[in-house]
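Asker: Kindly generate the corresponding structure for this input.
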Amino acid sequence: MLSALFPLVYGSVFVFLLVQAFRMMRLSSGPAKSTRRTDRTGLLTTHPELLDANGSITGEDLLVVRFPSQDQPEVSITD
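Answerer: Numbering: from 1, shown residues only. I've put the predicted structure just below:
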């Protein structure tokens, strides 16, 4: 009796888990992801390092650090 019921239970659990897996994949790649980038507060924020004493965005030159990839030669600056 139990041996005849086992394939039915096994098959139904397999189909249930397969349907759940497809539902989870559909939810993760669905329209819930917004194309507009917002931070966790939902507001547009500015890093405090970019603000001057008056709270305005600074006009100073910013320091940029770039790491060369292996196929690009390293550029050296000589004074």
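Asker: what ranges do the strands span in the chain?
Answerer: With DSSP state E as the definition, the chain shows no strands.
Asker: Can you pull out the low-pLDDT segments for it?
Answerer: Counting by pLDDT under 70, the chain shows low-confidence ranges at 29-40, 69-79.
Asker: farthest residue from the center of it?
Answerer: Here the chain reaches farthest from its C-alpha mean at residue 1, the gap being 50.8 Å by CA atoms, centre = their mean.
Asker: Pull up the gap between that residue and residue 67, please.
Answerer: Per CB to CB, to the nearest Å, residue 1 is found 68 Å from residue 67. For the C-beta atoms, the positions are set from N, CA and C on the backbone; glycine is no exception.
Asker: Kindly provide the distance from residue 41 to residue 55.
Answerer: Note on residue 41: its distance to residue 55, by CB to CB, is 18 Å.
Asker: next one: residue 67
Answerer: The spacing between residue 67 and residue 55, counted by CB to CB, is 32 Å.
Asker: Using CSV, write out every CA atom in stretch 6-21.
Answerer: Output in CSV follows, covering the C-alpha atoms of stretch 6-21 (Å, rounded to 0.1, in the frame of the first residue of the first chain):
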residue,chain,number,x,y,z
PHE,A,6,5.1,6.8,-2.6
PRO,A,7,5.4,7.7,-6.4
LEU,A,8,2.2,9.8,-6.2
VAL,A,9,3.5,11.8,-3.1
TYR,A,10,7.0,12.1,-4.6
GLY,A,11,5.6,13.4,-7.9
SER,A,12,3.2,15.9,-6.4
VAL,A,13,6.0,17.3,-4.1
PHE,A,14,8.3,17.6,-7.1
VAL,A,15,5.7,19.5,-9.2
PHE,A,16,4.9,21.8,-6.2
LEU,A,17,8.6,22.6,-5.7
LEU,A,18,9.1,23.2,-9.4
VAL,A,19,6.2,25.6,-9.6
GLN,A,20,7.5,27.5,-6.5
ALA,A,21,10.9,27.8,-8.1
